[in-house]
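Peer 1: Sequence and predicted structure, then a few things I'm wondering about:
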Amino acid sequence: MSETENGVGRALEMIIAHQVRGYRRALGVSITELARQTGISKAMLSKIENAQTSCSLSTLSRLATAFEVPVTSLLRGVDTEHEAVYVPAGHGAQIVRRGSNVGHLYHQLGTLRGQHKRIEPLLVTLSEATEVFPLFEHPGTEFLYMLEGSMVYLHRGARYKMRPGDALQFDGEGSHGPIELIELPVRFLSVIAYGHLRTE
């Protein structure tokens, strides 16, 4: 068996272990009592709850009957994707946006997608004072966290003076963007969270 298959099998055992232990505790029964109800030995139940063995469909069926739940409930989470995106310092993909040609740099720090969600983290660096301040509008919610420098940020006509450590969260559909750079360079983290999967 390959390492990948071993990993998948182990993950499945851990999911089943978590579900069986959770249902048993929710019912308030001991392993001994569950063994009596299902005809599965205490030793086997202990192995199942500690992810030390693979369950046959017959065993899963007996457990599901004892818990009065569908067999699929014991597998809940098997088809859930758990992704991670790692971006080493300085390796974010540079993307071009309005203002990129006047000292406004945007580095994408990866995206994490799900069935009904997407987040888009950006590291924004404003290194030159300019009269060009592009404003943005987009779906979802945006979160800013100031890392360096200071600036005035506009959202729906309201002005916020941002310094290192300051945070701002707002509706992305309102016109927004930096309108005055006070202390250069300005660096901030921008995280946009979309309510539904966004198509390019």
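Peer 2: Sure, I can see it. Numbering: from 1, shown residues only.

Peer 1: show me where pLDDT drops low in the chain?
Peer 2: Within the chain, the stretches with pLDDT under 70 are 1-10, 77-103, 110-117, 130-132, 195-200.

Peer 1: rerun that using 80 as the cut-off
Peer 2: Along the chain, the parts satisfying pLDDT under 80 run over 1-11, 73, 75-119, 129-134, 194-200.

Peer 1: how near is the residue lying farthest from the centre of it to residue 55?
Peer 2: In the chain, the greatest distance from the average C-alpha position (CA atoms, centre = their mean) is reached by residue 36, at 41.2 Å. As judged by CB to CB, to the nearest Å, residue 36 and residue 55 stand 19 Å apart. Just so you know, the C-beta spots here come from the backbone N, C-alpha and C atoms, and that holds for glycine as well.

Peer 1: can you pull the contacts of residue 51?
Peer 2: By CB atoms under 8 Å, 6 or more residues apart in numbering, the contact list for residue 51 reads 10, 13, 14, 16, 17.

Peer 1: Please repeat the previous calculation with a cut-off of 6 Å.
Peer 2: Going by CB atoms under 6 Å, 6 or more residues apart in numbering, residue 51 touches 13, 14, 17.

Peer 1: again with residue 121
Peer 2: Residues in contact with residue 121 (CB under 6 Å, 6+ apart) are 109, 191.

Peer 1: what does residue 174 give?
Peer 2: By CB under 6 Å, 6+ apart, the contact set of residue 174 is 155, 156.

Peer 1: and it, what are its phi and psi?
Peer 2: Dihedral angles of residue 174 (phi, psi; degrees, to the nearest 10) stand at phi -80, psi 140.
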